[in-house]
Each structure stands twice: as structure tokens, then as C-alpha cells.
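**Student:** please work out how this folds:
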Amino acid sequence: MKRKIVNINQDLCNGCGSCIPKCAEGALQIINGKAQLTKDVYCDGLGACLGQCPQGAITITEREAEAFDEKQVHDHLKDTTPHAPNMNLQTGTPQKPQWPVKLDLVPVKAPFFDKADLLLAADCAPIAVKDFHGKLMVGKRVVIGCPKFNDARAYAEKLTEIFKQNDIASVAVAHMEVPCCVGLKWAVNKALEGSGKHIPVKEYEVKVGGEIVEL
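**Tutor:** Have a look, this model is predicted:
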């Protein structure tokens, strides 16, 4: 049958993985450093991943493809979702476990930061969001903190050294909607300024009801 389906321009794709969390069906994976559609039956062709690619590599095309199969998607997600947070989106390979996760405790220089997509999350965010792992943690190294009960300036200084001494690929900040929590984004901005590095940053606001809004 001929239908609409995702197409990824392999020449434009740089393997950043920004499209992966937006694909609720798990149809996209990083394979050999590039995003790829793993199976036609996993893609519903609605294009939720469109606009997530900084390189503009993702489009919707119409071609011969197997029909979207919701049952196969369900089985696929059941098999793969628990392991997804342990995959490095830059390389498509399994990540070694990371410990610690508190910003106060993580070392400034660590192997798990190498080429990492780093998620800096407020302590409360994983509790407020039902599927925090699946929605925000996929393929990321995670550091958590609370700017209300800790010094945001100290956070900025720690992050500055982390950015300086490691090859961080990207940073995502997930903070609660309350005013005190935006100190995490401030700390990241100050750290980037202090490190002199240009690292892509995404900001997510977590509502007290559990909704996630990309700012």
C-alpha cells in the first residue's frame, strides 16, 4: 500500500537524537550514529517528530510501505522502553550506569559525561511526571538539584567546571513551574557563559499536574 511515512535524510542527520523522545511509537532509533526508521509498521505517519530535528533532516513522504500496526508497536514498546534510558543517542550503544546523580555529589570530570546529552532536572520533576523516564530521560545522563534549598550560584560554578572539563553534547533543563525552580535554567546560562562553550540547550517546564511544556 502507498501511504504517508517518515523519511530521514541521512546526509543531513547528525545523530543528535532530538527526534527520538517525540516518537511515541518508538519507530526511530540511532543506528551507527544516524537516526533511522527501524520498521515501517511502527510509523503512523502523523509526524510528531517533525520540527524536532535541528538539521531539518525529517520529512513526511508518501511511498509504498506496510500498514501501521498498533499491536506490533505495543509489543515493540514493551520490549524496548525499559532499556531506552540506558542507550547513548550519539552512538546507539548501551550506556554504563551512572552514580551519583545529585549535582552536589557528581564529580566534575567523569566518563559518563563524555559526549553526553545531559538532563538537569529539579528534584520534584520525576515525582510530578508519571512517565518521567520515558518522556525526558531517554538516552540522557541525569543530574538533579533544587535551587530553592541549595545555592544556585554554587550550582552555576559546578556546572561551569563540568562544561569546561567534559565534552557535553547537549543540555536539557526540566524545572517545575514555580518561580524558585527556574534557578536551574539561570545556573545553566551562567555556566555556559563561564565555560565559553556553545552547547545546545532545551528548557522544559513541568506543571504541578504533571504536564510537560517545552519553552
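
**Student:** what is the neighbour count of Glu177?
**Tutor:** If you count neighbours by other Cβ atoms under 10 Å, Glu177 ends up with 14. For glycine as for every other residue, the C-beta is placed from the backbone atoms N, C-alpha and C.

**Student:** try Leu215
**Tutor:** Neighbours around Leu215, by other Cβ under 10 Å: 10.

**Student:** tell me the contacts of it?
**Tutor:** Leu215 makes contact with Glu203, Tyr204, Glu205, according to Cβ atoms under 8 Å, 6 or more residues apart in numbering.

**Student:** Validate this expectation: the last one resides in a strand.
**Tutor:** Yes: when the secondary structure is assigned by DSSP: H, G, I helix; E, B strand; the rest coil, Glu205 falls within a strand.

**Student:** surely it touches His175?
**Tutor:** Yes: Glu205 is within contact range of His175, at 6.5 Å (criterion: Cβ atoms under 8 Å).

**Student:** more crowded one of the two?
**Tutor:** His175 (26 against 19).

**Student:** let's verify the nearest residue to Gln98 once chain neighbours are set aside: helix, strand, or coil?
**Tutor:** Leaving aside its chain neighbours, Gln98 sits nearest to Phe112 (4.5 Å; criterion: Cβ to Cβ, 6 or more residues apart in numbering). Of the three states, Phe112 takes helix under three-state DSSP.

**Student:** so Phe112 sits against Val143, correct?
**Tutor:** No: counting by Cβ under 8 Å, Phe112 does not reach Val143; the two are 10.2 Å apart.

**Student:** who's more crowded, those two?
**Tutor:** Val143 (25 against 17).

**Student:** secondary structure element for that one?
**Tutor:** strand 141-145 (DSSP states H and E).

**Student:** helices or strands next to the lowest-mean-pLDDT helix or strand in the chain in the packing?
**Tutor:** Of all helical and strand segments in the chain, the minimum by mean pLDDT, DSSP states H and E falls on helix 70-80, at a mean of 80. Of the remaining helices and strands, none touches helix 70-80 by 3 or more Cβ pairs under 8 Å, 6 or more residues apart in numbering; DSSP states H and E.

**Student:** next SSE downstream of it?
**Tutor:** Counting by DSSP H and E, the next helix or strand C-terminal to helix 70-80 is strand 117-122.

**Student:** sheet partners, orientation included, of that next one?
**Tutor:** strand 141-145 (parallel), strand 170-176 (parallel) (DSSP bridges).
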